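Enquirer: from the sequence below, what's the structure:
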Amino acid sequence: MPGPLSGVRVLDLTGVVSGPFATMFLADQGADVIKIEPTSGDITRRSRAAIDKSGEFSALFISSNRGKRSLSIDIKSAAGRDVLAKLVAGADVLVQNFRPGTMERLGLGADELRARHPRLIYVSISGVGETGPYVKKRVYDPIVQGLSGFADIQSQPVTNRPQMIRTIVCDKTTAVMTAQAVAAALYAREKTGQGDHIQVAMLDVMISYLWPEGMMQYTVVGREATSAEPNDRPDLVFKTSDGYITCGTISDSEWRGFCRATGDPELANDPRFATPTARSVNATARINKMAEYIAQHTTAEWLERLDAADVPCAPILRRSEIIHNEQVIARGIIAELDQPKVGRVRQPKPAARFEINQAAIRGPAPRVGEHSREILRDLGYDDAAIEAMVRDKSVRIAA
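Expert: Residues are numbered from 1 along each chain as shown. Below is the predicted model:
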């Protein structure tokens with residue numbers, strides 16, 4: 001069944017993760033995403049350990065580029081720019097994440113392309129934005145974690161040493177926000193007939209993402225830092241007698257439920273913990289007290305007790321356990337598919353499930369230039385012209 005974005009053509013000129021991950025969501029939702037990559041291939045094809053003998057695929061590349069078609073061209077060459085110009089004429093969306101100013105130098109900037117194609121939705125993803133003193137910085141995920149407060153909120157409670165989140169949270173969150181913005185722009189274009197230029201900076205995304213609870217003490221102007229820093233308290237990882245769990249006790253009913261589960265219901269009346277405000281002010285003492293009780297029994301026993309008391313809880317799964325978890329299996333979250341040159345691979349299904357226009361994994365990640373010939377033929381190039389471009393290395397065709 002076609003996805004909700006069936007009929008939409010997206011030109012993906014992005015590399016690394018923030019852009020490719022965003023356009024992969026659009027591909028899952030039915031868009032025809034043409035990945036325009038250099039003749040050397042996307043840098044993430046060679047990121048970390050290769051998983052095929054030729055070195056063409058990495059797990060990171062597969063998980064950010066499934067369901068796309070690959071056109072491998074040198075957009076700095078005259079032939080490459082000619083191909084791209086023809087593609088833009090029939091495209092709905094163009095997404096790029098080059099350093100600010102790069103596309104303009106190539107004659108492919110938003111103003112120039114949208115002047116010729118006013119329905120085009122042009123998306124520019126950057127690290128810290130297109131203005132300001134940091135605009136020329138080379139930016140990767142840890143840089144944005146440092147600038148946005150994410151490293152600070154992860155600080156060690158005792159030493160206050162900042163630390164990074166051990167996943168590329170900035171890249172991936174930027175991808176989600178970008179995909180949502182593209183959908184909004186497509187909807188607006190249906191009403192107005194006009195495209196747009198969407199600028200998404202990773203720094204902007206992560207500050208807005210952190211804000212609701214991570215910046216509570218800086219929300220009211222003139223009354224900054226009037227509440228405890230969230231990283232002053234222990235996290236909600238509790239060691240049981242044989243593993244780890246997490247549980248939350250935000251509401252009064254949840255706190256009372258936890259106290260009943262401990263076998264010490266009178267704990268609920270401790271004045272340090274009796275109200276939401278008291279539990280927040282005395283968070284460290286509360287969490288440490290919870291840890292004392294939880295350490296006394298097994299994971300299975302605690303999960304049974306807490307579920308019976310309607311307290312939010314879960315085992316803390318190791319990554320090796322996720323694919324075997326009963327909830328993950330019941331939901332069918334993880335699918336398997338054949339990846340050419342690699343073998344059988346796992347991929348999570350699209351998280352947003354549509355009842356009518358279904359999102360789905362549309363296919364494996366492409367080889368470098370796997371679809372170059374068919375895309376060029378669709379644009380009107382004959383085989384002689386294609387071979388000439390291959391000879392002058394402005395186009396790469398998958399072997």
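Enquirer: using PDB, write down the CA coordinates of the helix or strand of the chain with the lowest mean pLDDT.
Expert: One helix or strand of the chain scores below all others by mean pLDDT, DSSP states H and E: helix 276-281, with a mean of 91. Provided in PDB are the C-alpha atoms of helix 276-281 (Å, rounded to 0.1, in the frame of the first residue of the first chain):
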ATOM      1  CA  PRO A 276       5.000  16.400  45.100                       C
ATOM      2  CA  THR A 277       6.900  19.600  46.100                       C
ATOM      3  CA  ALA A 278       8.500  17.800  49.100                       C
ATOM      4  CA  ARG A 279       9.600  14.900  46.900                       C
ATOM      5  CA  SER A 280      11.100  17.300  44.400                       C
ATOM      6  CA  VAL A 281      13.000  19.300  47.000                       C
END
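Enquirer: how far off centre is it?
Expert: A distance of 33 Å separates the centroid of the chain from that of helix 276-281, by Cα atoms, centre = their mean, to the nearest Å.
Enquirer: would you mark the buried spots in stretch 289-298?
Expert: 289-290, 293-294, 297 (16 or more other Cβ atoms under 10 Å). The C-beta positions use only the backbone N, C-alpha and C, and glycine is treated the same way.
Enquirer: likewise for stretch 158-172?
Expert: Buried, per 16+ other Cβ under 10 Å, within stretch 158-172: 162, 168-172.
Enquirer: from those, which land in helices?
Expert: Among the buried residues of stretch 158-172, the members found in helices (DSSP state H) are 169-172.
Enquirer: for residue 90, phi and psi?
Expert: phi -110, psi 10 (degrees, to the nearest 10).
Enquirer: for the least confident helix or strand of the chain, list every residue counted as buried.
Expert: residue 279.
Enquirer: contacts for it?
Expert: With Cβ atoms under 8 Å, 6 or more residues apart in numbering as the test, helix 276-281 has contacts from 227-228, 249-252, 255, 271-273, 286.
Enquirer: return the distance of residue 112 relative to residue 105.
Expert: 11 Å (Cβ to Cβ, to the nearest Å).
Enquirer: of these two, which one has the most company?
Expert: More crowded of residue 112 and residue 105, by other Cβ atoms under 10 Å: residue 112, with 14 against 10.
Enquirer: element containing that one, please.
Expert: Assigned by DSSP states H and E, residue 112 falls within helix 110-116.
Enquirer: tell me the pLDDT of residue 318.
Expert: Here, the pLDDT recorded for residue 318 equals 95.
Enquirer: err, residue 128, not the other one
Expert: Reported pLDDT for residue 128: 97.
Enquirer: mark which of the contacts of helix 276-281 are buried, thanks.
Expert: Members of the contacts of helix 276-281 classed as buried by 16+ other Cβ under 10 Å are 249, 255, 273, 286.
Enquirer: about what we covered before: and the ones in helices among the buried residues of stretch 158-172 as a markdown table, adding distance to residue 137 and pLDDT?
Expert: Compiled in a markdown table, those are given as follows (distance: Cβ to Cβ, whole Å; pLDDT from 0 to 100):
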| residue | distance to residue 137 | pLDDT |
| --- | --- | --- |
| 169 | 19 | 97 |
| 170 | 14 | 98 |
| 171 | 16 | 97 |
| 172 | 20 | 98 |
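Enquirer: and of the residues you listed, the nearest to residue 389?
Expert: Nearest to residue 389 out of these is residue 171 (Cβ to Cβ; 32.3 Å).
Enquirer: isn't that closest one up against residue 17?
Expert: Yes. Counting by Cβ atoms under 8 Å, residue 171 touches residue 17, with 4.1 Å between them.
Enquirer: now do the contacts for residue 75.
Expert: Residue 75 touches 13, 36, 38, 81, 84, 106, 108, counting by Cβ under 8 Å, 6+ apart.
Enquirer: at 6 Å what do you get?
Expert: Taking Cβ atoms under 6 Å, 6 or more residues apart in numbering, we find residue 75 in contact with residue 84.
Enquirer: just to revisit the earlier point, make CSV out of the buried residues of stretch 158-172 and add distance to residue 30.
Expert: Formatted as CSV, the buried residues of stretch 158-172 follow (distance: Cβ to Cβ, whole Å):
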residue, distance to residue 30
162, 41
168, 26
169, 27
170, 27
171, 24
172, 21
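Enquirer: pull the most distant pair out of the residues you listed.
Expert: 162 and 172 (20.2 Å).
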